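# Show me the folded form of this:
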Amino acid sequence: MEEWASLIRIPSVSCEAEHKTDMIRCAERWRELLLAAGCQKAEVLPSTGNPFVYGEYQCPCPPGTGHDTIPPTVLVYAHYDVMPVEPLEAWHSDPWEPSIREGRLYARGADDDKGQAMIQAKAFEYMVQTGQMRCNVKFIFEGEEEIGSPSLEAFLEEHKELLKADIILVSDTSMIGKETPSITTGLRGLAYWQIEVDGPNRDLHSGHFGGAVKNPVNALCEMIAKVVDENGRITIPGFYDDVLPIPEEERRMIAQIPFSQETYNRAIDIDEEFGEKGFSTLERNSCRPSFDVCGIWGGYTGEGSKTVLPSKAFAKVSCRLVANQDHEKISRAFVDYIQSIAPKSVRVKVTPMHGGQGYVCPIDIPAYKAAEAGFEKAFGIRPLAARRGGSIPIIAAFEQILGCKTILMGFGLEQNAIHSPNESMDLEVWEKGIIAVSEFYNTYPALYTPCKK
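Take a look at the predicted model:
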């Protein structure tokens with residue numbers, strides 16, 4: 001607990017330049033902790049941004065113990081940077097000093113990701129110090145996850161051989177609930193654009209020009225309205241070409257997730273849900289793609305009224321994508337589509353902003369089965385396989401660059417309030433997380449198909 005606290009006390013906020021030295025301090029502290037946990041080697045490696053922490057443990061596999069094969073190599077990823085703490089007045093205790101109340105530890109980074117990273121470190125330490133570890137283990141901790149991991153891909157390319165592994169283990173996601181443990185098996189990708197519509201060379205009097213000149217805001221709304229049809233299907237040509245069907249076994253698991261549509265609607269104050277026809281709400285927001293307007297503006301928006309025909313209109317829009325959809329291909333298709341439906345009475349510019357690939361993990365591979373066994377031992381119930389609607393582009397980067405799958409053994413809960421004031425971690429779940437990861441290491445070598453030495 002004190003080691004965990006020593007990390008939390010370092011305000012490693014990656015988005016604020018004033019904390020640059022804190023980033024280095026936190027990286028150095030993690031190096032010390034990994035060595036103390038049993039790594040034979042740990043170092044702080046430079047990057048184009050904040051440093052990375054690398055740790056390594058080679059399983060000795062002594063002769064005569066039955067270990068006549070090369071053990072699997074597990075690469076553990078985590079991040080040591082955290083979000084800012086503002087608004088400070090909303091915290092009930094000092095965000096940089098851990099406070100335990102009613103079975104929860106409160107502090108910035110309690111969950112995301114110092115608490116979850118400590119789960120990995122302590123499970124590793126337990127397995128090594130009790131002589132049970134039968135895997136090679138590597139650690140790579142970064143300091144830029146909360147700002148989009150700008151240095152990660154170049155670092156992976158540069159150190160591809162160093163980071164070579166059979167599976168990647170990440171604890172930076174959440175479970176459905178404390179009584180409903182789950183393993184995240186999929187994340188959606190993302191494509192994001194800004195649309196700009198230009199009309200007349202200045203704002204016009206809507207009485208003198210209305211009905212004779214195309215209003216850019218009207219044109220923008222008309223184009224956006226055509227992107228999704230009445231059945232919730234996206235109309236971009238070729239959009240669904242690479243979308244894979246949801247496996248029936250996974251649909252059965254999704255159906256087991258405790259969910260009330262009425263409670264869901266009431267919680268966000270809507271009268272009726274909407275989405276792609278033929279799919280449930282939980283399938284729509286995790287396994288199927290979507291299109292949304294994230295912001296739209298133009299014309300007069302001040303107090304009172306101003307009868308104006310605006311000269312410009314803007315929107316920021318995005319698509320959440322699913323595994324097998326390429327965000328760059330979708331981005332090009334969206335630009336082409338909007339240009340094809342743009343009226344000639346206005347000029348339309350579509351600017352791609354950023355994107356990332358989706359990810360899906362098969363639930364029949366050995367590492368997933370080992371993670372499943374870990375959760376079952378710790379929580380006393382088989383975990384559900386659950387895709388999540390959000391995006392973590394670095395997970396797809398791991399697969400593309402390092403060539404191996406990632407198991408998302410996350411132990412967060414919604415009430416942990418990550419990124420918000422009073423972030424916390426349930427201590428019972430934290431301890432069970434250590435048990436679950438330890439059991440993963442116990443189980444994985446037996447399921448892994450190794451090469452002979």
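# For the rest of this, base every contact and every neighbour count on C-alpha atoms.
OK.
# Now for N231, how many residues are close by?
11 (other CA atoms under 10 Å).
# Counting neighbours, which bits of the longest helix along the chain end up buried?
In the chain, taking DSSP state H as the definition, the longest helix is helix 427-447. By neighbour count on 16 or more other CA atoms under 10 Å, the buried set for helix 427-447 is 429-430, 432-445.
# Just give me the neighbour total for the closest residue to G298 other than its chain neighbours.
Of all residues not flanking G298 in the chain, A313 sits nearest, at 4.4 Å (CA to CA, 6 or more residues apart in numbering). By the measure other CA under 10 Å, the count of residues near A313 is 22.
# Spit out the contact partners of A313.
Taking CA atoms under 8 Å, 6 or more residues apart in numbering, we find A313 in contact with 196-198, 216-217, 220, 296-299.
# Tell me which entries of these lie within helices.
Per DSSP H, these map to helices at 216-217, 220.
# In TSV, list these along with pLDDT, distance to I140 and neighbour count.
Formatted as TSV, the ones in helices among the contacts of A313 follow (pLDDT from 0 to 100; distance: CA to CA, whole Å; neighbours: other CA atoms under 10 Å):
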residue	pLDDT	distance to I140	neighbour count
P216	98	49	27
V217	98	48	23
L220	98	45	26
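# coming back round to it: gap between the residue nearest to G298 and A323?
Separation of A313 from A323 (CA to CA, to the nearest Å) stands at 33 Å.
# what's the answer for I195, then?
Taking CA to CA as the measure, I195 falls 25 Å from A323.
# Q256 now?
Using CA to CA, Q256 is found at 22 Å from A323.
# Repeat that for T351.
23 Å.
# More neighbours: those two, which one.
In terms of neighbours (other CA under 10 Å), A323 is the more surrounded of T351 and A323; the figures are 22 against 14.
# correct me, but that one touches C361?
No: the criterion here is CA atoms under 8 Å, and A323 misses it with C361 at 9.5 Å.
# Where do the helices of this structure begin and end?
For the chain, the helices defined by DSSP H cover 2-8, 20-37, 114-129, 152-158, 206-209, 216-225, 248-256, 261-267, 281-284, 327-341, 366-379, 393-402, 427-447.
# list the helices and strands the longest one packs on?
To tie it back to what came earlier, the one meant is helix 427-447. On a contact count with 3 or more CA pairs under 8 Å, 6 or more residues apart in numbering; DSSP states H and E, helix 427-447 meets helix 114-129, helix 366-379.
# Adding mean neighbour count and mean pLDDT as columns, could you present these in a markdown table?
Shown next, in a markdown table, are the helices and strands packed on helix 427-447 (neighbours: other CA atoms under 10 Å; pLDDT from 0 to 100):
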| stretch | mean neighbour count | mean pLDDT |
| --- | --- | --- |
| helix 114-129 | 22 | 98 |
| helix 366-379 | 22 | 98 |
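# Which one of these lies nearest to K160?
helix 366-379 (20.9 Å; CA to CA).
# what's that closest one in contact with?
167, 179, 181, 183, 362-363, 381-383, 407, 409, 432-433, 435-441, 443-444, 447-448.
# Just want the angle from that helix to helix 427-447.
Angle, helix 366-379 to helix 427-447, by axes from the mean of the first three to the mean of the last three CA atoms, to 10 degrees: 140 degrees.
# now helix 366-379: how far from the chain's centre is it?
Taking CA atoms, centre = their mean, to the nearest Å, the mean C-alpha location of helix 366-379 is offset from the chain mean by 21 Å.
# Any buried residues in stretch 141-155, and which?
By 16+ other CA under 10 Å, the buried positions in stretch 141-155 come out as 141-146, 149, 151-152.
# start to end distance for it?
In stretch 141-155, first residue to last residue: 12 Å (CA to CA).
# and it, average pLDDT?
Averaged over stretch 141-155, pLDDT sits at 95.
# quick one, what contacts the nearest residue to P87 once chain neighbours are set aside?
Once flanking residues are discounted, P87 sits nearest to P421: 7.1 Å by CA to CA, 6+ apart. Contacts for P421 (CA under 8 Å, 6+ apart) come out as 85-88, 90-91, 108.
# quick one: which of those is nearest M133?
If you rank these by distance to M133 using CA to CA, R108 comes first, at 31.5 Å.
# Touching both of A323 and C361, which residues are there?
G186.
# Pick out whichever of the contacts of A313 sits closest to C15.
Once CA to CA is applied, the member of those that ends up nearest C15 is I296, at 26.6 Å.
# just for the protein, where's the confidence low?
For the chain, residues meeting the criterion pLDDT under 70 lie at 61-68, 449-453.
# can you list the domain ranges for it.
Per automatic domain parsing, the structural domains of the chain span 2-187+358-447, 189-243+289-356.
# show me what contacts the residue nearest to E250 when sequence neighbours are not counted?
The shortest distance from E250 to any non-neighbouring residue, by CA to CA, 6+ apart, is to A385 (7.0 Å). A385 makes contact with 182-185, 250, 253-254, 363, according to CA under 8 Å, 6+ apart.
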